[in-house]
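>>> Task: produce atomic coordinates for the following.
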Amino acid sequence: KLGPVGQEPRAVPLRAEAGGRTILAAGKLAAGSYEVTLATGNETHRLRLLVHPRKPTAITRGGIIKLAPNGSFLTQDGRDFTPWGFATISVFAPTAEVTRGAGHWAYASDQAVRDWIALLHAYGVNVVRFGVNVGEMRADQGGHLQPDMAARLKHFLDLIGPLGVRALPVMWWGHYGNFDFKGIAAYDALIKTQADWFTNPEALALQQQYVREVVAPDATDPRIFAWEVMNETYTAGGDRGAAIRWTNAIVQAIHEVDRNHLITTSACEATPREEIEWIEGAQVDFFNWHAYPTYMDYGAYRKQAGNDAIREMGNYAAMMALADAGHGRVVLLGETGNDRGHEVDYPEFKTLITRDCLWLAFLCGSPGGISWDAIADPRVQGVSLTGSGRAGAAVAEQAGRHLKKVVLELGGSDPFIVLGTDDMDATIEA
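Numbers count the residues shown, from 1 in each chain. Here you go, the predicted structure:
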């Protein structure tokens, strides 16, 4: 039997061929995600079949994404848009338990990209976040875009657009000293330490020119969700103000060639105070904050929580609540997941990070989320959410897509029980 996901399947014939092959005679299928049930004797096998369009067409419905006054994302025709993203450097081949790299997006085959994006889209992903300049790719050639990279980016958009997935390109996946930046002659002559990346005016002029060359060709393309200045622009050399000023200079360069798309940036600091400085100071449309409780930078939180993953998640949630204060800036959960291999020491992270961080983010008011995993995790049997109507709509949409049970308590009070305590006043204040 075969049918679109979530719909009644129909019986289709199987045809045996020479060489032991069996053909599923399904006929012509529309683009989409299908479930196939194969019954052989006493065994039943279920497979997922992905069908994508043959010819690339641009995303035109809704146009370029904008921010609403209430901090949510909207299409140009006024519909809500909840970014549910996947953060990556390369084209990935996900399995049930791990995510394995399968080649850089710019060099992967067209078929590999289509299959990867179709799989993500089938699991509800509508944004893919990726680095334009990573490692050996070196799209930034010291102030100029690698000659064929603009064409590669355009081709990548042609491949993902028909599948309903928008792009969140990141200008740099790391600054000088990270991802093999050393060896680019123009930067080597100017930068001696990582701090120089943010403080050398000649280097900044080169960086701005590179950014203009990346952005200008796609300044009106609706398949771009937003431009990201840099992945995790954490302070280098201890001068956070310099890093924030550098970010704003790159934003200015983007605005010189593109006033259509949103701009974001992210930081990865050790404590909420530093994160709030970024939120307040970066002149971006929205700030996407990254939080992996397994980062070594979060040692202070881990020390407070001990080796109890549940308590550590409580500290993590407290940090999200601080970030959600917004401080005049829309704040989106920009990257989380379980990609650091620390689940060996903290097995709870396998389930906690891949789903609870997303729900906590929505509870804290995040208008979207980007992760390495999402609600489609087959171990997630249901979702319970207490929060705002906007959060409930986002969660219900994703849960419904994957036929998960969902319980929502929206717009009201959340009752709870306080057990015996010697200091009720302090408990209430907490």
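>>> ok, L24 - how many residues close by?
For L24, the count of nearby residues is 14 (other CB atoms under 10 Å). Glycine gets a C-beta too; all of them are placed from N, C-alpha and C.
>>> just P83 next, same as before
Other residues near P83 come to 25 when the count uses other CB under 10 Å.
>>> and it, what is it in contact with?
Listed by CB atoms under 8 Å, 6 or more residues apart in numbering, the contact set of P83 reads I65, F73, N126, V127, R166, L168, F225, L332, P367, G368, G369, I370.
>>> pLDDT wise, what is it at?
At P83, the pLDDT value in this model is 87.
>>> now swap in the one 10 residues further on and tell me
In this model, A93 is scored at 50, pLDDT.
>>> Make 38 the starting number, not 1.
With 38 as the first residue, the last one maps to A130.
>>> quick one: the helices in this protein?
Shown for the chain, the helices assigned by DSSP state H span residues 147-159, 186-197, 222-225, 233-236, 238-252, 277-294, 309-318, 336-342, 346-361, 386-388, 394-400, 426-438, 461-466.
>>> Count the neighbours of the closest residue to Q320 other than its chain neighbours for me.
Nearest residue to Q320, sequence neighbours excluded (CB to CB, 6 or more residues apart in numbering): N285, at 4.6 Å. By other CB under 10 Å, the residues close to N285 number 15.
>>> same deal with the one 10 residues further on?
Neighbourhood size, D295 [other CB under 10 Å]: 22.
>>> Which residue, other than its chain neighbours, is closest to it?
Nearest one to D295, counting by CB to CB, 6+ apart, is A256 at 3.8 Å.
>>> rewinding a little: closest one of the contacts of P120 to T59?
Distance to T59 across the contacts of P120 (CB to CB) is lowest for N163, with 34.6 Å.
>>> quick one, what contacts that closest one?
By CB under 8 Å, 6+ apart, the contact list for N163 reads F118, T119, P120, W121, G122, G201, V202, R203.
>>> Measure how buried A242 is and give me the count.
14.
>>> Surely A62 touches A48?
No. A62 is not in contact with A48 according to CB atoms under 8 Å; the separation is 10.9 Å.
>>> before we move on, the earlier item: kindly reformat the contacts of N163 as TSV containing distance to V266.
TSV is the format used below for the contacts of N163 (distance: CB to CB, whole Å):
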residue	distance to V266
F118	21
T119	23
P120	17
W121	22
G122	17
G201	26
V202	22
R203	18
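>>> wait, which of those is closest to E317?
P120 (22.6 Å).
>>> so how many other residues sit close to the closest residue to M461 other than its chain neighbours?
Counting by CB to CB, 6+ apart, V455 is the residue found nearest to M461 once chain neighbours are left out, at 7.5 Å. Using other CB under 10 Å, V455 is surrounded by 8 other residues.
>>> measure V455 to R175 for me?
Relative to R175, V455 is positioned 57 Å away (CB to CB, to the nearest Å).
>>> Equivalent analysis for M267, please.
M267 is 15 Å from R175, by CB to CB.
>>> So the two - more neighbours on which side?
Taking neighbours as other CB under 10 Å, M267 and R175 compare with M267 leading, 23 against 16.
>>> Contact partners for the closest residue to that one other than its chain neighbours?
With sequence-adjacent residues excluded and distances taken as CB to CB, 6+ apart, M267 is closest to W209, at 4.8 Å. By CB under 8 Å, 6+ apart, the residues touching W209 are G168, V169, N170, D177, F216, M267, N268.
>>> R52 touches A63, doesn't it?
No. Using CB under 8 Å, R52 makes no contact with A63, being 10.8 Å away.
>>> what about those two, which has more around it?
Applying other CB under 10 Å to R52 and A63 shows that A63 carries more neighbours, namely 14 against 9.
>>> and the more buried one, what does it touch?
A63 makes contacts with L39, V49, as judged by CB under 8 Å, 6+ apart.
>>> For it, what are phi and psi?
With angles defined as degrees, to the nearest 10, A63 sits at phi -90, psi -10.
>>> State the distance from it to L86.
Counting by CB to CB - A63 and L86 are separated by 8 Å.
>>> Please enumerate the shared neighbours of the two.
Common contacts of A63 and L86, defined by CB under 8 Å, 6+ apart, comprise L39.
>>> so where's the stretch 138-287 of the chain shaky on pLDDT?
For the stretch 138-287 of the chain, the stretches with pLDDT under 70 are 138-140, 159-160, 172-173, 216-218, 273-274.
>>> so the residue nearest to D295 makes contact with H292?
No. Contact between A256 and H292 fails when scored by CB under 8 Å: they sit 10.4 Å apart.
>>> thinking again about what came up before, which of the contacts of P120 fall in strands?
Using DSSP state E, the subset of the contacts of P120 located in strands is F110, V164, R203, L205, L369, G406, I407.
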